[in-house]
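*Asks:* I would like the atomic coordinates for the input below:
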Amino acid sequence: MESPQADVCSLDNYLSQPDHTMDARIATARKILGKTTIILGHHYQRDEVIRFADYTGDSYKLSKVAAQTDAKYLIFCGVHFMAESADVLGKGGQQVILPDLNAGCSMADMAEIGQVEDCWEQLERAGVAADVMPLTYMNSSAAIKAFCGERGGLVCTSSNAPGAFTWAFDRKEKILFLPDQHLGRNTAYAMGIGLDEMVVWDPWVIGGGVSPAKLKAAKVILWKGHCSVHQRFLPQHVDQVRANYPGIQVIVHPECRWEVCQKADATGSTEKLIEVIERAPEGAMFAVGTEIHLVNRMAKLFEGRKKIITLDDSGCLCTTMYRISPQHLAWALENLVEGNVVNRIKVDDDVKHWARVALDRMLEITV
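*Replies:* Predicted structure coming up:
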């Protein structure tokens, strides 16, 4: 839940100003706040914001930072579920701020706690729940993370999903994976689990659209959710970019469709994609299937040395990540200077306990 906004100056007054006018104000506020405050920036943030971050990374890397920092205030330039996780992992007395409360995640919204609880009840009726380990992707609410933690499961990111699946199969025969069907399918398939051993649970259909017999036969139950950005990449995009740029390497995020990942040269988290590009020799060419801000940032960084393009340039912008602007960041920082905490993200204590259990288990898994 969020605390009431007690801003010393209306946010509207900030939003009416050009981006570049915030630079000096942000720098001044950060200097005043010093080590009491750190800014965490996800790779998908726009350049105008990410350049102010003390730490940048994917959700896994930033979760580790949140668990280790002693800063009193954590300003999370990302989306809501990330700020929730930072609050869960943070130390007593720390406060997490999300500069824009509208920065959410459509994938996380595709799994509501009531729907997941109903799914579990139906798995119990089918006689399979005792054999199922619930796992949730980081892109989920704290309530979903707590649900998994209370039932012996954990959280994973795209970085450590293979380790999480191995961990789960060491303990149970089946996995219920929330909420991204593509990450779940790609991870399981890479481990040698056939597509015929996976089923998709649709929360909007009676019984999930899966018969009890199929639930008993399945090794992986995939929640019907997806990333609105990564699902836009299609197999024909891979074919087209190879035709246009002979010798190009196609690397994609595992939130992409299975058919796209199968055609790619490599798949990996945002951190892994960056690593592949960094390690490549001069003159290498890459078509990258992930959010456009990261792709453009890498293209600028390696301009003249390596060619980096997006796999498809239509619709690969994360609109919720884009919501956070320099104006939002300046507003949050200057309020802190005045002693006001705005847009605080605070997870209820009853949810926080089991969400912390699930996240701690995640941090123990080797990537």
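
*Asks:* Could you list the low-pLDDT ranges of the stretch 201-350 of the chain?
*Replies:* For the stretch 201-350 of the chain, the stretches with pLDDT under 70 are 315, 317, 319, 321.

*Asks:* okay, Ser59: pLDDT?
*Replies:* pLDDT for Ser59: 79.

*Asks:* check contacts around it.
*Replies:* 42, 78, 82, 85, 138-139, 157 (C-beta atoms under 8 Å, 6 or more residues apart in numbering). C-betas here are computed from N, CA, C, even on glycine.

*Asks:* Output those as CSV; include the columns secondary structure.
*Replies:* Converted to CSV, these look like this (DSSP: H, G, I helix; E, B strand; the rest coil):
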residue, secondary structure
His42, strand
Gly78, coil
Met82, helix
Ser85, helix
Met138, coil
Asn139, coil
Thr157, coil
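
*Asks:* Filter those residues down to the buried ones.
*Replies:* For the contacts of Ser59, a burial check counting by 16 or more other C-beta atoms under 10 Å picks out 42, 78, 82, 85, 138-139, 157.

*Asks:* now for those, which pair is the farthest apart?
*Replies:* Gly78 and Thr157 (12.7 Å; C-beta to C-beta).

*Asks:* which ones are touching the residue nearest the centre of the chain?
*Replies:* Nearest to the geometric centre of the chain sits Asn139, at 4.6 Å (C-alpha atoms, centre = their mean). Neighbouring residues of Asn139 by C-beta under 8 Å, 6+ apart: 59, 81, 105, 107-108, 179-180, 227.

*Asks:* show me where the stretch 201-350 of the chain has helices.
*Replies:* Secondary structure of the stretch 201-350 of the chain (DSSP state H, counting those that start in this stretch): helices at 212-217, 235-244, 258-263, 270-279, 292-301, 326-337, 349-364.

*Asks:* Tell me which of these is the most buried.
*Replies:* helix 326-337 (a mean of 24; mean count of other C-beta atoms under 10 Å).

*Asks:* What lies in contact with that helix?
*Replies:* 7-9, 11, 14-15, 17, 19, 22-23, 25-26, 29-30, 32-33, 37, 39, 48-49, 52, 73, 75, 77, 97, 99-100, 341-343.

*Asks:* Work out the gap between it and the centre of the chain.
*Replies:* 24 Å (C-alpha atoms, centre = their mean, to the nearest Å).

*Asks:* Asn160: how many residues sit nearby?
*Replies:* Applying other C-beta atoms under 10 Å, we find 22 residues neighbouring Asn160.

*Asks:* looking at it, it is touching Glu364, isn't it?
*Replies:* No: judged on C-beta atoms under 8 Å, Asn160 makes no contact with Glu364 at a distance of 9.8 Å.

*Asks:* Just the ones of the contacts of helix 326-337 in helices?
*Replies:* Cross-referencing the contacts of helix 326-337 against helices under DSSP state H gives 11, 14-15, 23, 25-26, 29-30, 32-33, 48-49.

*Asks:* Restricted to buried residues, select those residues in PyMOL.
*Replies:* Selection of buried members from the ones in helices among the contacts of helix 326-337 for PyMOL, criterion 16+ other C-beta under 10 Å:
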select buried, resi 11+14+25+26+29+30+33+48+49
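
*Asks:* Which of the ones in helices among the contacts of helix 326-337 sits closest to Arg305?
*Replies:* After measuring these against Arg305 - C-beta to C-beta - the closest member comes out as Glu48, at 24.5 Å.

*Asks:* show me what contacts the closest one?
*Replies:* Glu48 neighbours (C-beta under 8 Å, 6+ apart): 19, 325-326.

*Asks:* Just put the residues you listed in JSON lines and tack on distance to Thr310.
*Replies:* JSON lines is the format used below for the contacts of Glu48 (distance: C-beta to C-beta, whole Å):
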{"residue": "Asp19", "distance to Thr310": "23"}
{"residue": "Ser325", "distance to Thr310": "22"}
{"residue": "Pro326", "distance to Thr310": "24"}
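
*Asks:* Which single one of these is nearest to Val220?
*Replies:* Ser325 (39.3 Å).

*Asks:* is it true that the closest one touches Asp19?
*Replies:* Yes: if you go by C-beta under 8 Å, Ser325 and Asp19 touch, sitting 6.8 Å apart.

*Asks:* Give me the more crowded residue out of those two.
*Replies:* Ser325 (20 against 13).

*Asks:* and the more buried one, what is it in contact with?
*Replies:* 15, 19, 46, 48-49, 100.

*Asks:* Break this protein into its domains for me.
*Replies:* 11-102+320-349, 108-227, 230-310 (automatic domain parsing).

*Asks:* Can you lay out the ones you listed as a markdown table showing distance to Ala358?
*Replies:* A markdown table is the format used below for those (distance: least, C-beta to C-beta, whole Å):
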| stretch | distance to Ala358 |
| --- | --- |
| domain 11-102+320-349 | 9 |
| domain 108-227 | 3 |
| domain 230-310 | 19 |
